[in-house]
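[1] Would you be able to build a 3D model of this:
(one chain, ligands or ions: 1)
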Amino acid sequence: MNQYVTGAVIKELREKNKMTQLQLAEKLGVTDKTISKWETAKGYPDITLLEPIAEAFRISVTELISGTPIQNSNISANMLKSRFYVCPVCGNVIHSMGEASIHCHGIQLAPLEAEPSDEGHMIFIERVEDEYYVRIDHSMTKEHYISLVAAVSSDDIQMVKLYPEGNAEARFKIRGVRRIFVYCNRDGLFSIDPVKGIDDKESGYDDSQERRALEAAAEMLFG
Ligand SMILES: [Fe+2]
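    Numbering: from 1, shown residues only. This next block holds a predicted model:
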């Protein structure tokens with residue numbers, strides 16, 4: 001946290017809530033002089049008062065500190081807007097359904113941008129009954145390995161963590177998967193449309209055409 005509630009924010013919220021300094025003071029068990037001090041930047045409220053202040057204004061402590069109301073844009077969250085964050089120090093992988101401010105080991109992490117899979121990170125996908133079998137042609141040494149594979153549909157995410165010396169492969173339930181993500185500890189995030197990556201041409205089953213038709217129908221029905 002690199003900011004704290006400011007006097008200007010307290011004053012603005014107090015006036016918005018049509019409270020006098022005295023009324024707010026009584027709610028918090030302090031004097032109106034104290035409120036006046038905060039509002040004129042002559043002191044900060046003690047950290048133990050942040051929750052009671054937020055309660056008095058019927059907002060969250062986060063909103064109080066940032067000074068901006070937060071609207072829940074996650075009501076219509078869509079997993080396809082997923083963001084992945086990876087800590088360069090510990091390798092921790094964090095998934096978020098949208099933009100987020102994420103810190104790990106004191107570093108503010110930026111959301112990873114997925115590149116299309118390249119020659120050094122070829123992603124092969126096979127349909128095995130109701131699963132996608134995903135294999136990546138890549139080394140799995142401690143220094144350079146695939147650490148994560150994820151399959152994302154509009155309302156679901158399946159994540160598999162991989163480790164050095166293991167196999168660069170994972171299995172996912174097909175159910176609506178629209179995107180496969182692969183994270184290489186050195187080269188970053190790659191993604192592929194599973195239909196394009198599918199590797200069962202010899203089966204003579206036109207999987208992609210059937211899927212495209214289904215997806216087009218779903219798009220028309222659900223937008
Ligand atoms: Fe790599």
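
[2] these two touch, right, Arg14 and Lys27?
    No: Arg14 lies out of contact with Lys27 (CB atoms under 8 Å); the separation is 10.3 Å. Heads up, the C-betas are built off the backbone N, CA and C, glycines and all.

[3] For these two, indicate the residue with more neighbours.
    Neighbour totals were compared for Arg14 and Lys27, and Arg14 leads with 20 against 14 (other CB atoms under 10 Å).

[4] which residues sit against stretch 94-113?
    Stretch 94-113 is contacted from outside by 73-74, 77-79, 81-90, 92, 150, 157, 159, 183, 188-189, using CB atoms under 8 Å, 6 or more residues apart in numbering.

[5] What's the ChimeraX syntax to select whichever of those residues are buried?
    Per 16 or more other CB atoms under 10 Å, the buried members of those correspond to this ChimeraX selection:
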select :79,82,83,84,85,86,87,150,157,159,183,189
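
[6] The contacts of stretch 94-113 in strands, which ones?
    Counting by DSSP state E, these place 83-86, 150, 157, 159, 183, 188-189 in strands.

[7] Report the contact partners of Ala41.
    With contact taken as CB under 8 Å, 6+ apart, Ala41 is in contact with 6-8.

[8] any chance of the ones in strands among the contacts of stretch 94-113 in TSV, with distance to the ion and pLDDT too?
    Output for these, formatted as TSV (distance: CB to the ion, whole Å; pLDDT from 0 to 100):
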residue	distance to the ion	pLDDT
Arg83	21	87
Phe84	16	89
Tyr85	18	89
Val86	13	87
Ala150	16	94
Ile157	22	90
Met159	19	93
Tyr183	9	93
Gly188	8	90
Leu189	11	92
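
[9] Farthest pair within the residues you listed?
    Ile157 and Gly188 (18.6 Å; CB to CB).

[10] residue nearest the centroid of this protein?
    Ser96 (1.4 Å; CA atoms, centre = their mean).

[11] so who does Ser147 touch?
    Ser147 touches 86, 91, 93, 161-163, 183-185, counting by CB under 8 Å, 6+ apart.

[12] ok so it is a helix residue?
    No: Ser147 is assigned strand when assessed by DSSP: H, G, I helix; E, B strand; the rest coil, not a helix.

[13] ok, it to the ion distance?
    10 Å (CB to the ion, to the nearest Å).

[14] for Arg171, same thing?
    For Arg171, the distance to the ion (CB to the ion) stands at 21 Å.
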